[in-house]
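> coords please:
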Amino acid sequence: MLSKRMFPCDGRSKKSILITGASGMVGHGLLDLLRYSKKFNVIGVYNKRRPRIEGENIKYIRANLVKKEGWDKLTGGIYGLIHCAAIIPSSYEGNKREGLYTDNTAIDRLAIAHALKEKAKFIYVSTVGVYGFNIKGVYDECFEINPLGEYFIGKADSEKEIISKKGSLGYYIFRISAPYGPYQRNITVLKTFINNAIENKPIYYYGTGSRMQDFIYVKDIALACLKALNCENYGIYNIASSSPITMKNLAAKIKKISGSASEIKEAGIPDPQEGHSPIFDISKAGRLLGWKPQYTLDKGLAELIGYLRRK
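Residues are numbered from 1 along each chain as shown. Below you'll find the model as predicted:
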């Protein structure tokens, strides 16, 4: 059971922040940012793998958040709940996995209930995937969503559930675009390109390589969460770089930054998202949260490539 006694009394009044999915990429990014905080104590919740970040103001609890019993371990008193926990599909194209929708929405409903019970600020890590696939143009937070597949439909339904609590729940819904960074376990196109570049293997792109994606570095996501904890401008926010890049150009950029001898080649496989070229408007986050990305793609890639080489 979570208790204020988890943290030694140091004469300062720190607020407790609960982070679910603490062992994931975004969770690690948050822990890394907050471990030296003079304002917040952090309780990281994980299921299987204990997070690697340590700090005097960080404590960990292992819990299965699909079940209410897992949440019962976390009673105590928190200022904010940053909900990163989710079962991530191995492939977003079909995002098929038995029970994916059921388990993720169960976790989300319990997280919402916990935030309401604790009267805590609630930051929900969602995804720009709720807008749909093969989309073009500029997307702000008012754009009609069109989720496809269990994972994205689950995210959209949880967003609706959160919005229905308006007035009783102070919430932030962060629609995050293509996050990348250290501690990323799932295989993405960016991570595949980097791994091949490091090993000087060919870098293959699907289709014509013209599909665009908007990558956001995990440290910028963590910064957005910190901004939210320090204000009360609740609502939905796009968290993206607003500077998408084609897959062909991404491969070339990774090759250059890594100093790789890899060849960049067509895979000869159609890209299921050929023509995908969205731009996510992040002006609302800038205006109301005072947030903007601090990492260019070049800077983020250089840091990530360095991290992966040291592993």
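
> check which residues of the lengthiest helix in the chain are buried.
For the chain, the helix with the greatest residue count under DSSP state H is helix 100-118. Using 16 or more other Cβ atoms under 10 Å as the burial criterion, the residues of helix 100-118 that qualify are 100-101, 103-108, 110-112, 114-115, 118. Just so you know, the C-beta spots here come from the backbone N, C-alpha and C atoms, and that holds for glycine as well.

> all strands of the stretch 201-311 of the chain, in order?
Assigned by DSSP state E, counting those that start in this stretch, the stretch 201-311 of the chain shows strands spanning 203-205, 212-213, 216-217, 235-239, 245-246, 264-266, 277-280.

> who touches the longest one?
Residues from elsewhere that reach strand 235-239, judged by Cβ atoms under 8 Å, 6 or more residues apart in numbering: 128, 139-141, 159, 171-177, 216, 220-221, 224, 280-282, 284-285, 288-289, 291.

> of those, buried ones?
Buried residues within these, defined by neighbour count using 16+ other Cβ under 10 Å: 128, 139, 141, 159, 171-177, 216, 220-221, 224, 280-282, 284-285, 288-289, 291.

> narrow the residues you listed to those in helices?
159, 220, 221, 224, 284, 285, 288.

> closest one to residue 309 out of the residues you listed, please.
Residue 309 lies nearest to residue 220 out of these, by Cβ to Cβ, at 21.8 Å.

> ok, the spatially closest residue to that closest one that is not a sequence neighbour - contacts?
Nearest in space to residue 220, with sequence neighbours left out and distances taken as Cβ to Cβ, 6 or more residues apart in numbering, is residue 293 at 4.5 Å. Shown in contact with residue 293 (Cβ under 8 Å, 6+ apart): 216, 217, 220, 241, 242, 282.

> how about 10 Å then?
Residues near residue 293 by Cβ atoms under 10 Å, 6 or more residues apart in numbering: 216-217, 219-221, 223-224, 239-243, 282, 285-286, 299-300.

> swap in residue 228?
80, 82, 121-123, 170-172, 174, 234-235, 237, 239, 285, 288-289, 291.

> switch to 8 Å and redo it
Residue 228 neighbours (Cβ under 8 Å, 6+ apart): 121, 123, 172, 174, 289.

> ok, now which ones touch the last one?
So that's residue 289. Applying Cβ under 8 Å, 6+ apart, the residues contacting residue 289 are 224, 227, 228, 231, 233, 237.

> which non-adjacent residue is nearest the fifth one?
Closest residue in space to residue 233, ignoring its immediate chain neighbours: residue 288 at 4.0 Å, by Cβ to Cβ, 6+ apart.

> what's the pLDDT at the residue nearest to residue 220?
pLDDT, residue 293: 97.

> run through the stretch 51-200 of the chain and note the low-pLDDT ranges.
Applying pLDDT under 70 to the stretch 51-200 of the chain flags residues 90-98.

> what about the strands in it?
Taking DSSP E, counting those that start in this stretch as the test, the strands found in the stretch 51-200 of the chain are 58-62, 80-83, 121-127, 136-139, 171-176, 179-180.

> would you format those as JSON lines with distance to residue 188 included?
Converted to JSON lines, those look like this (distance: least, Cβ to Cβ, whole Å):
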{"stretch": "strand 58-62", "distance to residue 188": "26"}
{"stretch": "strand 80-83", "distance to residue 188": "21"}
{"stretch": "strand 121-127", "distance to residue 188": "13"}
{"stretch": "strand 136-139", "distance to residue 188": "20"}
{"stretch": "strand 171-176", "distance to residue 188": "13"}
{"stretch": "strand 179-180", "distance to residue 188": "7"}
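
> right, I'll call it a day here.
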